[in-house]
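Novice: Prediction below, plus the sequence it came from.
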Amino acid sequence: MNKIPYGSIVEIKLPDDRYAYGKYFFDSYLGIYDILSIKQLSINNLDGIKIKLYKCVNELLIKKGKWSIIGCHPLTGNNIYTPSLAQYAEWIAEDSIRRGAITYKGNTLYISETEYVEHLKRGHTTSVFNRPEQFPEFILNNLEEWPNYSIPVTKLKNKAL
């Protein structure tokens, strides 16, 4: 199978028949644009629209044609990477915050709780779907309200968040 070029723009049909669009980055991350459309868009329609969330996806959904590549804004050098993303698990939120692990340029780094919470507030989190076919449903349920989780700040020691 061919390698998906970094910067490929992917069209994802959602369960409600709208479309979401993502940009392909290093390590199979998709940056999902802050737009849901009732009609199919061209790559030019995405100019000026920011990426709102990032998730690691199964690239076979692209390679096997489940999701379409509609064009490419080629990425090279450091641009192939997403911004740093917090390794956040909602079911162990306090542990995630205490640990302070982020993914940056394919590596795990550790940051302060304050910096970590800032990542969460921006919605810069990472996770992988065990069932990638659920990703369109995740986009539908989360894109417009992201970040939509409650950050457990009450138990963090002496942190003004």
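Specialist: Thanks, I have the structure now.
Novice: For stretch 83-93, could you pull out the residues that count as buried?
Specialist: The neighbour-count check on stretch 83-93 (16 or more other C-beta atoms under 10 Å) flags 84, 85, 86, 87, 88, 93 as buried. (Glycine included, C-beta is placed from N, CA and C.)
Novice: Report the mean per-residue pLDDT for that stretch.
Specialist: The pLDDT scores in stretch 83-93 average 88.
Novice: Show which residues not belonging to that stretch make contact with it.
Specialist: 29, 54, 95-96, 99, 101-104, 108-109, 116, 119-120, 124-127, 149, 151-152 (C-beta atoms under 8 Å, 6 or more residues apart in numbering).
Novice: Would you list the phi and psi of the residue nearest the centre of the chain?
Specialist: For the chain, residue 54 is the residue whose C-alpha lies nearest the centre (C-alpha atoms, centre = their mean; 0.9 Å). Here is the backbone geometry of residue 54 (degrees, to the nearest 10): phi -130, psi 140.
Novice: Who does it form a beta bridge with?
Specialist: residue 31 (DSSP bridges).
Novice: What separation do you get for it and residue 14?
Specialist: Distance, residue 54 to residue 14, using C-beta to C-beta, to the nearest Å: 18 Å.
Novice: quick one: the strands in the protein?
Specialist: Secondary structure of the chain (DSSP state E): strands at 8-13, 19-25, 29-33, 51-56, 68-72, 85-87, 101-104, 107-110, 125-126.
Novice: Now do the fourth one and strand 19-25, the angle between them.
Specialist: Comparing the axes of strand 51-56 and strand 19-25 via axes from the mean of the first three to the mean of the last three C-alpha atoms, to 10 degrees yields an angle of 60 degrees.
Novice: Output strand 51-56 as PDB, restricted to C-alpha atoms.
Specialist: Taking C-alpha atoms only, strand 51-56 is exported to PDB below (Å, rounded to 0.1, in the frame of the first residue of the first chain):
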ATOM      1  CA  ILE A  51      -8.100  22.800  12.900                       C
ATOM      2  CA  LYS A  52     -10.100  22.300  16.100                       C
ATOM      3  CA  LEU A  53      -9.100  18.800  17.300                       C
ATOM      4  CA  TYR A  54      -6.500  16.100  16.600                       C
ATOM      5  CA  LYS A  55      -6.900  12.300  16.800                       C
ATOM      6  CA  CYS A  56      -4.900   9.400  15.800                       C
END
